[in-house]
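Undergrad: Got a sequence here, can you build the structure:
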Amino acid sequence: MSTFRTMFSGQLRPLVRGFFLLSASALLVCNLTGCEQQPQQTHAGMPAAAVSVLKMTSQSVPFSIELPATLSGAKEVEIRAQVSGILQTRNFSEGDKVTKGQSLFSLDASTYAADLERSKAELNAAKVRLEQAQREVKRIKPLRAKNAISQRELDNAISTVEIYLADVKSMQAKLAQAQLRLDYTKVSSPVTGVVGRELVSEGTYVSGPEVLLTQLTQIDPIRVRFGLSEREQLQMRKDEAAGKLTLPVEGHWKTKIKLFDGSIHPQIGQVNFSDIRINSKTGTSELQAITPNPNFTLRPGQFVRIILEGAVRENAFVVPQRAVLDNGLGKYVYVMTTNDKGITVALPAPVVVGEWVTNVKGIDNGWIIREGLKSGDQVIIDGMARIFFPGMPVRLTDDKSTNAEAQHEGVN
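TA: Below you'll find the model as predicted:
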């Protein structure tokens, strides 16, 4: 027994120690190998994510711009009396709608009525004198033919007729002026609009046009004023020159007005003015549109948003908004493609987005893609949440993707 212990201690102990060291090394190598192969096994064994796709085809898309704007009356009219007199009555309620020709104020007309009657009398007297002179010429012409009177007497009679004729015309002008002054005692509305508050009370002496009686605002149609930035204008001109954008003829955009609550004013307007100057403080140029406002629902001073329509984005790609992702460095979409091993995978494609569009060929809310896609690309529009890393295997969702693509292509 002692001999066996001696042999074990002297000869076998180094062998046992070497065995354990070899086993530990093998275990360590196995563990390391397993750690390296584990992700490959996970990727290889991960099921393909079910996605829906939309095949990219270029199309012409309506192009619109939405901008903040303010409303103002088409005409801001100052109401003044053209003659002097005592203000007798106010014939409107402050803030009411008035029509063109409606009486707003009445001045004391007695003095002007008397002037009118006097002018009528003076005109009648001038006509009588003219008739008398004409009869005189008619009477003496035969006498001149018989040399019973001189030529001088006939000439004087004819000149008298001409003088009285001029007097009649002068009296007619004075009568017309007197009638006009009398009419001016009725201060009428020059346009249809909304009248403001009275600035002169009844019983006050009005000295003439220098006294402002009230103000009137024509709000049918109404003016919409807004600014368009220089950067946007330059970009649109570049796109137009490149054939990517078709703008309205002579800048006559069609306009819609979006109110504070998001509703749309039912009337369609049109841009009728574009200032060539750029405001150095805001970097914008002023534009103006005219919009019908028959029910007076729009009022001057309102802040609204104006939508410019009438342009067309040519050869554009449109994808649903939900398909466009952002990684903090920029926007991108996932495109379904085949890798070099023949596996269908999802790869990110950086894109540059343009305008937000609605109801474009089956897409309720979409982005116009300016750069990053080409015809035939299959953009993943549903199932992005199942894509955990770029290059992940994907497959088409049964029915859904096929239906989405078929619906889009059928509309095209």
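
Undergrad: Counting neighbours, what do you get for Tyr112?
TA: 19 (other Cβ atoms under 10 Å). C-betas here are computed from N, CA, C, even on glycine.

Undergrad: my read: it touches Thr185, true?
TA: Yes. The pair Tyr112 / Thr185 is scored as a contact, 5.8 Å apart, by Cβ atoms under 8 Å.

Undergrad: what sits in contact with each of those two?
TA: Here Tyr112 and Thr185 have Val83, Gly85 as joint contacts, going by Cβ atoms under 8 Å, 6 or more residues apart in numbering.

Undergrad: Domain map for this protein?
TA: 52-71+219-411, 109-184 (automatic domain parsing).

Undergrad: now these as a markdown table including distance to Lys100 and mean pLDDT?
TA: A markdown table is the format used below for those (distance: least, Cβ to Cβ, whole Å; pLDDT from 0 to 100):
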| stretch | distance to Lys100 | mean pLDDT |
| --- | --- | --- |
| domain 52-71+219-411 | 11 | 89 |
| domain 109-184 | 16 | 94 |
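
Undergrad: among these, which is nearest Ser207?
TA: Proximity to Ser207 (Cβ to Cβ) singles out domain 109-184 among the domains of the chain, at 13.5 Å.

Undergrad: now do the same end-to-end measure for the closest one.
TA: Domain 109-184 stretches 9 Å from its first residue to its last (Cα to Cα, to the nearest Å).

Undergrad: Is the residue lying closest to Ser150 once chain neighbours are set aside part of a helix or strand, or is it coil?
TA: Leaving aside its sequence neighbours, Ser150 sits nearest to Arg144 (Cβ to Cβ, 6 or more residues apart in numbering; 7.9 Å). With DSSP: H, G, I helix; E, B strand; the rest coil as the basis, Arg144 sits in helix.

Undergrad: so Arg144 sits right up against Gln151, yeah?
TA: Yes. Counting by Cβ under 8 Å, Arg144 does reach Gln151; the two are 6.7 Å apart.

Undergrad: Who has more neighbours out of the two?
TA: More neighbours surround Arg144 than the other of Arg144 and Gln151, with 16 against 9 (other Cβ under 10 Å).

Undergrad: How much space separates that one from Asn156?
TA: Distance from Arg144 to Asn156, counting by Cβ to Cβ, to the nearest Å: 12 Å.

Undergrad: ok, so what distance separates the residue nearest the centre of the chain from Val77?
TA: By Cα atoms, centre = their mean, the chain has its centre lying nearest to Ile306, at 3.0 Å. Ile306 sits 25 Å away from Val77, taking Cβ to Cβ as the criterion.

Undergrad: And for Ile158?
TA: Taken as Cβ to Cβ, the span from Ile158 to Val77 is 52 Å.

Undergrad: What's the local residue count around Gln218?
TA: 21.

Undergrad: any idea how far it lies from Val187?
TA: Gln218 sits 17 Å away from Val187, going by Cβ to Cβ.

Undergrad: go on, Thr337?
TA: 78 Å.

Undergrad: Comparing these two, which residue is more hemmed in?
TA: Set side by side, Thr337 and Val187 show more neighbours around Val187, with 22 against 15, by other Cβ under 10 Å.

Undergrad: what is the closest residue to that one other than its chain neighbours paired to in the beta sheet?
TA: Once flanking residues are discounted, Val187 sits nearest to Phe105: 4.0 Å by Cβ to Cβ, 6+ apart. Beta-bridge partners for Phe105, by DSSP bridges, are Arg90, Val187.

Undergrad: contacting residues for Phe105?
TA: When contacts are counted by Cβ under 8 Å, 6+ apart, Phe105 is found next to Ile79, Ala81, Leu87, Thr89, Arg90, Asn91, Lys186, Val187, Leu213.

Undergrad: got a markdown table for those residues, with distance to Lys100 too?
TA: Listed next are these as a markdown table, based on distance: Cβ to Cβ, whole Å:
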| residue | distance to Lys100 |
| --- | --- |
| Ile79 | 13 |
| Ala81 | 18 |
| Leu87 | 22 |
| Thr89 | 20 |
| Arg90 | 18 |
| Asn91 | 14 |
| Lys186 | 14 |
| Val187 | 13 |
| Leu213 | 17 |
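
Undergrad: farthest-separated two in the residues you listed?
TA: Spanning the widest gap among the contacts of Phe105 are Ile79 and Thr89, at 14.4 Å by Cβ to Cβ.

Undergrad: Between those two, which is the more surrounded one?
TA: Neighbour comparison, Ile79 and Thr89: the larger count goes to Ile79, with 22 against 12 (by other Cβ under 10 Å).

Undergrad: Verify the stated contact: the more buried one with Leu104.
TA: Yes. Look at Ile79 against Leu104 with Cβ under 8 Å: they come within range, at 6.1 Å.

Undergrad: between these two, what contacts are shared?
TA: Contacts common to Ile79 and Leu104, judged by Cβ under 8 Å, 6+ apart, are Val187, Ser189, Val195, Leu213, Thr214.

Undergrad: Can I get the residues you listed in a markdown table including distance to Pro300 and secondary structure?
TA: Listed next are the shared contacts of Ile79 and Leu104 as a markdown table, based on distance: Cβ to Cβ, whole Å; DSSP: H, G, I helix; E, B strand; the rest coil:
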| residue | distance to Pro300 | secondary structure |
| --- | --- | --- |
| Val187 | 22 | strand |
| Ser189 | 17 | coil |
| Val195 | 13 | strand |
| Leu213 | 20 | strand |
| Thr214 | 15 | strand |
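
Undergrad: doesn't Arg129 fall inside a strand?
TA: No. Read with three-state DSSP, Arg129 is helix and lies in no strand.

Undergrad: Am I right that it is in contact with Met171?
TA: No. Using Cβ under 8 Å, Arg129 is not in contact with Met171, being 10.2 Å away.

Undergrad: what separates the strand or helix carrying Arg139 from the chain centre, distance-wise?
TA: Arg139 belongs to helix 110-145 when assigned by DSSP states H and E. For helix 110-145, the separation from the chain centroid amounts to 65 Å (computed by Cα atoms, centre = their mean, to the nearest Å).
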